[in-house]
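Asks: take a look and give me a structure for this.
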Amino acid sequence: MSDTDTLCFSRRDLLKGGGALVIGFRIAGAPLPAAAARGDVAGPPDPNAIDSWIAVHADNTATVYLGKGEFGQGNTTGLLQIAGEELDLDMSQLRWVQLDTNVSPNQGATTSSSSIHRGGPQVRAAAAEARQALLALASTRLGVQTGSLTVSKGVVSIDGHPARSVTYGELLGDKRFDVKFTGTAPQKAINRYKLVGTSVPRVDIPDKAGGTYVHMQHVRMPDMLHGRIVRPPGQRAYGAGAKPLSIDESSIADIPGARVVRKGDFVGVVAAREWDAIKAARALKVTWQEPPPLPENLFDSMRAAKTTDTVIADWGDAPNAFAQAAHVASSTYRCPYQSHAPFAANCALADVGPNGALVMSSTQDIYNSRDMLAQVLGLPVEKVRVQYHEGSGTFGRSCYEDAAQAAAVMSQAVGKPVRVQFMRSDELGWDDYGPAHLADVRAGIDARGKLVAYEYHGWQHGWMVNETTHELVLLTPPKERTTGAGSIPVNRMSTGSMYAVANRRVVSHAVPMVGYLKGAPLRSPLDLSFAFASEQTIDELAFMAKIDPLEFRRNNIGDARWLGVLNAAAAAAAWTPKVAASASSDAEVVRGRGIALGTHHVSYGAAVADVEVDRRTGNVVATHVYGALDAGQVINPALVENQIVGQAIQATSRVLKEEVTFDRSGVTSLDWVSYPVLRFAEHPQVTAVVVQRLDEPSTGAGEEVMGATAAAIANAFFDATGVRLRQYPMTPERVKVALAAKT
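Replies: The predicted structure follows:
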């Protein structure tokens, strides 16, 4: 298949074959077989049954059924390594199938860097149970105790008598285990690992590099229609919706086969040809109800809002400690709404009939997606089947569920399969944005440069519950993911927790989301903002004390693992000690270096950034980022290195360029010009450092260097110019204003 081909299945083919709709990769050029007799009933399968996780084939290979999605992060490779390690199988003997609610175990959403952290232990336990069951069968076949058996590449032999052997395939090939988890299966000792901890090649790359990998945007069905959503150009204040007062269907009468789909306040168009659907969406005349205005001054409005306040951390006597501090750094930081902005806008394909629905999308949680689709369609959950196809990056909750629900609603209305492809303006204008953040940070040190007090106040709203299509179709009122004290809070891990400080107070001020923009998780949710504010404050104290920023952090660090990752980043960068901004000059182009720490959940991240600042144009370029990450036991170091590189580049883009803009009526950043991202020619060189700790549990590796990178760039800007930027993105306009204020 060429890179311009699309994949087309018959409707019968889509529903047969045990749910193995699309095979994610090939081994030795041969396509993987479908999962036999699996997919006839709605899942999830029993999580305590080995057969829900592992299938052994007659050719001595195994299929591992995963519940975590492959989004390009390589987690499939890492999870297969875990399974192969426990099963004593080589990577070439392992297979996988894409996610399907009639096939896959429910491992929860593929979010929060959880694939290895939370999904890995389940896969490891299942593989260990499978190995134990296979050894029991081999013990009976070979007539010896299981303790006398050894396994290599799925061949079980008697220790010392290798000729007496049997393969997994001969023991069980293509038959069921019919065994429940015992809870007693031993897991392999770390000193016996052969796969875990090694950089085996990713299993998805050959097909991607060869142009044969099937992404969601490639999938087609016979007799399908193309659909487009119709909404005002740019999201309004949350809660306002998009209510059509009148629709002039005659405005698209000249477009062959185009028709309007309306359900509740949802409006869309369908047509047999994609270009006709695009034209119809543009031409359809709709009069929309005027929305209430968005805030004129975002941050003043957030501070003035009636908030629900939660004390996240509070110990010691901060007021007294501040009163006695030798130096106190205190400032306010402003951080924008940002978009998920996948390179290809989201897409979904749905076939909904009176007796059930099949929906294909790039969801991060197939079972939750199924539940939401059932609500929108008014169907029993067991009548809805969701199959996952990889998109082009999502970085949190982008519009994949919105597209899936829109496709399903249109398909149900017209009685045919409908493929919905969001336009760029749909994706950027109606995204579920990473929320804006306002921070007041204060920290103090004694005369020796030791932290004595730290205080962080943060304002932000929460995340949505229902997709825009759901709200428009069912006319449901606005709803945040959580309310009150349970709102998305300031992260205590990202706000000073890495330092030893006796007096610390962190307070989260939950702003109601109604009247602002719709929020949702964006990669390393809010941690860029937390680190941007917190780590600049730490750097400012080092400057006040006339101490090198690295040495200041070393003197105040509160944990050996934080110190380890800090030292790893500094060593990679060959850090040279000096007081920040001590070498700044009046040259047109000045250079600086900064360092920072950051995290998302429980892993440890650090970064050093080198920047160049053009004083005349205000342009900031990050030339090199050194990122270090301690994620405990790293299954595949190459995967984590790739994650560090991606995090550093994306964080650079977000801190230098990305900001959702809006006027009183709605969002105005609707394309790559009004919502710019870092271009290939602008990205920094990245040196990735993995701090391997095989004796520690695996933790997240997909988000934890983001905040450190953003803060390191901000600190490098100060080193270059002697000026603090307390709002990002650090655009040329803001840079020139800040530099002019200094003079």
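Asks: which parts of the top helix by length along the chain are buried?
Replies: Longest helix in the chain by number of residues (criterion: DSSP state H): helix 120-142. Within helix 120-142, the residues that count as buried by 16 or more other CB atoms under 10 Å are 120, 122-135, 137-139, 142. From N, CA and C alone the C-beta is placed, and that goes for glycine too.
Asks: what's near enough to touch the residue nearest to Leu639 when sequence neighbours are not counted?
Replies: Using CB to CB, 6 or more residues apart in numbering and skipping residues adjacent in sequence, the residue nearest Leu639 is Gly74, 4.1 Å away. Contacts for Gly74 (CB atoms under 8 Å, 6 or more residues apart in numbering) come out as Arg202, Asp204, Asn636, Ala638, Leu639, Asn642, Gln643.
Asks: phi, psi for the fourth one please.
Replies: Just to be clear, that refers to Ala638. Per-residue torsions, Ala638: phi -60, psi -40 (degrees, to the nearest 10).
Asks: pretty sure it contacts Ser199?
Replies: Yes. With contact defined as CB atoms under 8 Å, Ala638 reaches Ser199; the gap is 3.6 Å.
Asks: for the two, indicate the residue with more neighbours.
Replies: The residue with more neighbours, out of Ala638 and Ser199, is Ala638; 18 against 15, by other CB atoms under 10 Å.
Asks: pLDDT at that one, what is it?
Replies: Per-residue pLDDT puts Ala638 at 96.
Asks: measure it to Thr709 for me?
Replies: To Thr709, Ala638 is 20 Å away according to CB to CB, to the nearest Å.
Asks: Gly241 now?
Replies: 37 Å.
Asks: more neighbours: which of the two?
Replies: Between Gly241 and Thr709, Thr709 has the larger neighbour count (other CB under 10 Å), namely 35 against 23.
Asks: just give the number of residues close to Pro729.
Replies: 19.
Asks: any idea of the pLDDT on it?
Replies: 98.
Asks: and for His601?
Replies: Predicted confidence (pLDDT) at His601: the value is 82.
Asks: what is the neighbour count of it?
Replies: His601, neighbours per other CB under 10 Å, totals 17.
Asks: who's in contact with it?
Replies: Ser112, Ser113, His117, Met493, Thr699, Gly700, Glu703, Glu704.
Asks: helix, strand, or coil at it?
Replies: Secondary structure assignment for His601 (DSSP: H, G, I helix; E, B strand; the rest coil): coil.
Asks: kindly report the same for the one 10 residues further on.
Replies: Classification of Val611 using three-state DSSP returns strand.
Asks: and the nearest residue to it once chain neighbours are set aside, how close does it get to Ala126?
Replies: Of all residues not flanking Val611 in the chain, Ala716 sits nearest, at 4.2 Å (CB to CB, 6+ apart). Going from Ala716 to Ala126 by CB to CB gives 46 Å.
Asks: repeat for Gly519
Replies: Distance of Gly519 to Ala126, given as CB to CB: 36 Å.
Asks: before we move on, what about Val490?
Replies: From Val490 to Ala126 the distance is 37 Å (CB to CB).
Asks: ditto for Ile255
Replies: Computed with CB to CB, the distance linking Ile255 and Ala126 is 52 Å.
Asks: with Ile247 instead?
Replies: Going from Ile247 to Ala126 by CB to CB gives 52 Å.
Asks: helix or strand: which one has Asp719?
Replies: Assignment of secondary structure by DSSP states H and E places Asp719 within helix 706-721.
Asks: after that helix, heading C-terminal, what element do we hit next?
Replies: By DSSP H and E, the next helix or strand past helix 706-721 is helix 732-742.
Asks: where does this protein have low pLDDT?
Replies: Applying pLDDT under 70 to the chain picks out residues 1-37, 482-487, 743.
Asks: which helices and strands does the longest helix of the chain pack with?
Replies: On a contact count with 3 or more CB pairs under 8 Å, 6 or more residues apart in numbering; DSSP states H and E, helix 120-142 meets strand 54-56, strand 62-64, helix 75-87, strand 149-152, strand 155-158, strand 161-167, helix 168-172.
Asks: ok, Ala712 touching Gly605?
Replies: No. If you go by CB under 8 Å, Ala712 and Gly605 don't touch, sitting 10.3 Å apart.
Asks: relative to helix 732-742, how tilted is the helix holding Asp719?
Replies: Orientation check (axes from the mean of the first three to the mean of the last three CA atoms, to 10 degrees): helix 706-721 against helix 732-742 gives 40 degrees.
Asks: name the helices or strands packed onto helix 706-721?
Replies: helix 527-544, strand 589-598, strand 604-614, strand 620-630, helix 637-656, helix 732-742.
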